[in-house]
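Q: Could you look at this predicted model? Sequence included:
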Amino acid sequence: MKFATLYSLLLSAFIMNSGCKKDEAQPAHEYHAHIHSPNTVDKHLNDALDIEVDFEDHTGNTVHHIQIRIYNKLTLAEVYLMPSEPHVHATSGEYTFTDTFDLTEANGITPDSDWVLEAKVWGEEDGELEEVETVEFHVQP
């Protein structure tokens, strides 16, 4: 009888102890997008908009997917979506995207309107550990 009681106590202690010692797994990725350009200063119709965004995995692992889009803040009409293939697979843990976009009516830009540049980075699967940064700017006539 003493053996059964001792066995039960030891088993209970083991179960309670093992339930409390679960370590949370460290994330395999810690993605960030750092928008260097454009900034929030007003732009003018027909300006050339310089785009520079650094995408990073602060753990040093692979940056898998990126996307940059520009859309109208009010109507959500999208006028820019790059790169055409979002899978960049930068094994160095860093990827810099640069481009220039003309703020013209031919490209869908309307004068006296507000715009959002959105920079997104994510893992191997769509939406995995997704991080999004934005910058807003106004386009004057």
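A: Structure's in. What do you need? Keep in mind that this is a model prediction, so the values were computed, not measured. Numbering: from 1, shown residues only.
Q: buried residues in stretch 77-92?
A: Buried positions in stretch 77-92, judged by neighbour count with 16 or more other C-beta atoms under 10 Å: 79-80, 86, 88, 90. All C-beta atoms are positioned from the backbone trio N, CA, C, and that covers glycine.
Q: and the helix or strand hosting residue 139, average pLDDT?
A: Per DSSP states H and E, residue 139 falls inside strand 131-140. Averaging pLDDT along strand 131-140 gives 97.
Q: next one: stretch 32-52
A: Stretch 32-52 carries an average pLDDT of 97.
Q: Quick one: distance of that stretch to the chain centre.
A: In terms of C-alpha atoms, centre = their mean, to the nearest Å, the centre of stretch 32-52 is found 18 Å from the chain centre.
Q: likewise stretch 130-141?
A: Stretch 130-141 has its C-alpha centroid displaced from the chain centroid by 14 Å (C-alpha atoms, centre = their mean).
Q: Make residue 1 into 526 and carry on from there
A: In the new numbering, first residue 526, that becomes stretch 655-666.
Q: quick one: contacts of it?
A: Contacts with stretch 655-666, where a contact means C-beta atoms under 8 Å, 6 or more residues apart in numbering, come from 556-560, 563-570, 572, 578, 598, 628, 634-648.
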